[in-house]
Structures are given as structure tokens and as C-alpha cells.
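Visitor: What would the 3D arrangement of this be:
(2 chains)
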Amino acid sequence: MATQIDGVTVTAAPVVPVDIVPADTGPTMPQLDFATFPNQIFWLLVALIAIYYVLSRIALPRIGAILAERQGTITNDLASAEELKLKANEAEAAYDKALADARNDAAQIIAQNKTEMQTQLDAAIERADAEIAERTAESDRRIAEIRQGAIADVEIVARDTAQAIVAALGGNGDDPAVVSAVDARLKGGRA
Amino acid sequence: MATETVIAEGEAAGGFNIHPMEQFRITPIFGDGDVGLFTVTNAALWMALAVLCVIGLLVLGTRRRKIVPTRVQSVAELAYGFIHKMIEDIAGKEGLKYFPYIMTLFMFIVFANLLGLLPTAFTSTSHIAVTAVLAMAVFIGVTVLGFVKNGTAFLGLFWVTSAPLLLRPILAVIELISYFVRPVSHSIRLAGNVMAGHAVIKVFAGFATVLWIAPVSILAITAIYALELLVAFIQAYVFTILTCVYLKDALHPSH
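Guide: Numbering: from 1, shown residues only, chains lettered A, B, ... in the order given. The predicted model follows:
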């Protein structure tokens, strides 16, 4: 080691005098001064035992507990998050179900109302139809009456006319044969 | 002290005063005496500071036990998770029993390295005595564990059954040598890296006293300091991950 140091210092400053180690202080390397070994080993053992004692009794169990606790907290939080997620899903499902139910109910109510309206409508139509039929029958009846009246009038007019024509031609206008002939004719003409 | 007088003489002579190894000297904090077994030295001080930093980060930083962590607690949790995962990935679930030991090694090394980078600080992990103890603790612990867990089956680590029978004795010798070299490389890698970086910074700092080199020198110090920050963490990481690998060998000796 000494020669190495000599080399370094000599190359760096070849002209100036260099002190390496005082002549009276033992070996060049304090590391090889065996007189200090027992002292160093003693204090090293004291230090190591102190550190070991502190670590094994206090520090390591404590840090281990902190890490375990943190791990536990994280796991718990994750579990509760999972639980909350499940709950949210459930709530969503319930909401969807409620929505579907409401839709169904609404459809049902609409259908019910429709049928009700249909029946009412049907009844109204029926009533209207009945009234229409009634009125039609009435009208028919009156038309028939009018026609009957007209026919009777036609017979009278025809008889009168025939009698007048017969009388004008010099025949006996009041002859019942004229009337029966007119009637027969009317009946035949109608037939 | 004698050292100071020599430095003063050097300055008077107008030369460089480069003492790259001076920073590694172990000196008593109180008084000037010899370094005995229980002397409170700079090494002891900086190790104690490393211990305090570990406590500050891992104990005080986590004392509020927040679910959403503060910055310091976050770093503590990061360190915990980093080593925990490393052991689990490499040595498997059974390796987690030794988590506190490995965490102790990592936290000590990483804080000793980082504190050593403070200006004027002493770096305890730059001393082979310290890293050798750390490495030997791992080596002996893992070897004992291997025999306790697997009995003589642990020796299967050296008997490569997938190799041709003829090669196995040769491989066994190689494996055995590499096994015993482990603590050496394990300790010297850490101490060497840390020591080299600090020595290089000191050498450049010495050059900074000359005006025309100073800008280059300061730039170099800045760059090497950044590199050393990286090395401080990486060497702690490497030491720990190798410990995990050795632990894996002890728990599952079959290749």
C-alpha cells in the first residue's frame, strides 16, 4: 500500500517533498494495527447486539404490523367496494324491474281502457243503428202510406176519367160495368 | 503530537500533505492513552451513531404507525420490504426466520458506510477487523445452521452429483476451497471498497492545496463522492445478498 501511495504522490508532484506517514505511528495502514482489533471487535459486538435487540423487539414487529394492517385495510376496502358494487347492481336491477312493471301496468291500463272504450263505442253504434233502423222503418211506413194514398187517388181519378169519357162517348157513365172494367184494367196494369 | 509536527514541517516545506490513511486511525476520544479493550474511540463513537441512526429510522420513524406513512416511515418500510423480499426471493420462506439477523447486518453496514461519508467522519466499515467479524459471524452461523438443519447431508454442498463421477473429487476440493474463501472475500470486498474510496477522496483533497490543480481536484472529489454514495449502498446490498445466498446454501445444500 505504501509503495502504491508513493507511486501516486510521486507522479503527481515529483519535485516537492512528500510526507506519507509519520515514522512513529506504527503500520502504514491503520487497518493492520492489530492492537486496535479487540477494541473494534468489542464495540462492533455491542453495536450489533444493540441493533439486533432493537430490531427484533421493537422495530421489525412494529413495521410488520403496520404493513399487515395496511394490507388488511386495503383488502377490506376492496371487499367493501365489491360489496357496494353488488348493491349498486342490485339497485339497478330493482330499478329496471320497477320500470318494466310500470310499463306493463301502463300497457294493461291502456288495453283495459281501449276495451272499455270499444264496448262503449259498440253500444253507441248499436244504439245508433237501432235508431236508424227505427227511423228507416217509420219512413218506409210513411212512404207506403203515401204510395197507398196515391194509388187510391189514381183509381178514383181513373174511374172518374173513364166514366167521363164513357159519358162523353154517349154511354151510360154511371154503369157499374165501367167501374169494374176500370178496376180490372188497373189490376191488370199493375200486375 | 508527533503527527502534527510532521504535518507542520511538511507545510513549511511547501510540499503536499497527503495522508490518505490518516483518516482510518483509531484514536481514543478522551485523552491520549493507548487503545484498550473498552476505550471509547472514534470507531466506538461512529458505531454508536450508526446504532442511533438505525433506531431513529426504524423505531422513531415508525412510532406513529400511520396507515398512510410519513416520509421517514416510508423509508423504514422500504428498508424492511427490501430485505424481507431479498431473503424470501433467495433463501425462501424458511429464510425469513433469520430476517432480524440479516436486517441487523444490512442496517449497520449501510449506516456505517453512509455516516462515514460525512466530512471528518470515521468509517467503521473501512476496517478489516469490523468486516471480518461481520463476515465470520455469517460464515460460522451459516455453517453451523447447515449442519444442524441437514446433518451430514450438508456436505452434499461439496459433492456435485450432477458432474461426472471422475470429476467429483476435484470439484469437491474446489468447492471446499471456495467455501472457505467466502468469509475472506466477503469481508475484504466491503472494507476494500470503502477504504479505497475514502483514500482516493483524501488524495484528491491533498492535491486541492495547489491552485492550478484545485478545480480539477474539487471536481474529482465531487464525482468520487457521488460514486462513493452509490458504493456505500451497493456494498451493503452486496454483503446482505451474499449472506442470503450463503443462507440458502445452508437451508438447501443440494445444487
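Visitor: ranges for the helices of chain B?
Guide: Using DSSP state H, the helices found in chain B span residues B:2-12, B:42-55, B:71-91, B:99-116, B:128-150, B:168-207, B:214-251.
Visitor: could these go into JSON lines alongside mean neighbour count?
Guide: Backbone N, C-alpha and C define where each C-beta goes, glycine included. Putting those into JSON lines (neighbours: other CB atoms under 10 Å in any protein chain shown) gives the following:
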{"stretch": "helix B:2-12", "mean neighbour count": "13"}
{"stretch": "helix B:42-55", "mean neighbour count": "21"}
{"stretch": "helix B:71-91", "mean neighbour count": "17"}
{"stretch": "helix B:99-116", "mean neighbour count": "24"}
{"stretch": "helix B:128-150", "mean neighbour count": "19"}
{"stretch": "helix B:168-207", "mean neighbour count": "18"}
{"stretch": "helix B:214-251", "mean neighbour count": "17"}
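Visitor: would you list those in TSV and tack on mean pLDDT and distance to chain A?
Guide: Putting the helices of chain B into TSV (pLDDT from 0 to 100; distance: least, CB to the nearest CB, whole Å) gives the following:
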stretch	mean pLDDT	distance to chain A
helix B:2-12	44	4
helix B:42-55	95	4
helix B:71-91	95	5
helix B:99-116	96	4
helix B:128-150	95	4
helix B:168-207	93	6
helix B:214-251	95	10
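Visitor: nearest to A:Ala177, of these?
Guide: Closest to A:Ala177 of those, according to CB to CB: helix B:71-91, at 146.2 Å.
Visitor: burial count for A:Met117?
Guide: Residues lying near A:Met117 (other CB atoms under 10 Å in any protein chain shown) number 10.
Visitor: quick one: it from B:Leu78, how far?
Guide: Noted for A:Met117: a distance of 79 Å to B:Leu78, by CB to CB, to the nearest Å.
Visitor: Give me the buried positions along stretch A:55-67.
Guide: Across stretch A:55-67, burial judged by 16 or more other CB atoms under 10 Å in any protein chain shown covers A:Leu55, A:Ala59, A:Leu60, A:Arg62, A:Ile63, A:Ile66.
Visitor: Within the helices and strands, which one has the fourth one?
Guide: Assigned by DSSP states H and E, A:Arg62 belongs to helix A:60-168.
Visitor: next helix or strand past that helix?
Guide: helix A:176-190.
Visitor: So for that next one, what gets flagged as buried?
Guide: Neighbour-count burial for helix A:176-190 flags A:Val178, A:Val182, A:Leu186 (criterion: 16+ other CB under 10 Å).
Visitor: Throw these into a markdown table and include pLDDT, thanks.
Guide: Listed next are those as a markdown table, based on pLDDT from 0 to 100:
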| residue | pLDDT |
| --- | --- |
| A:Val178 | 79 |
| A:Val182 | 79 |
| A:Leu186 | 76 |
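Visitor: Closest to B:Arg168 out of those?
Guide: Sorting those by how near they are to B:Arg168, with CB to CB, puts A:Leu186 at the top with 153.6 Å.
Visitor: List the contacts of that closest one.
Guide: The neighbours of A:Leu186, taking CB atoms under 8 Å, 6 or more residues apart in numbering or on different chains as the test, are A:Val154, A:Glu155, A:Ala158.
Visitor: List only buried entries from the residues you listed.
Guide: A:Ala158.
Visitor: closest to chain B among the contacts of A:Leu186?
Guide: A:Val154 (120.7 Å; CB to the nearest CB).
Visitor: Distance of A:Asn172 relative to chain B?
Guide: 144 Å (CB to the nearest CB, to the nearest Å).
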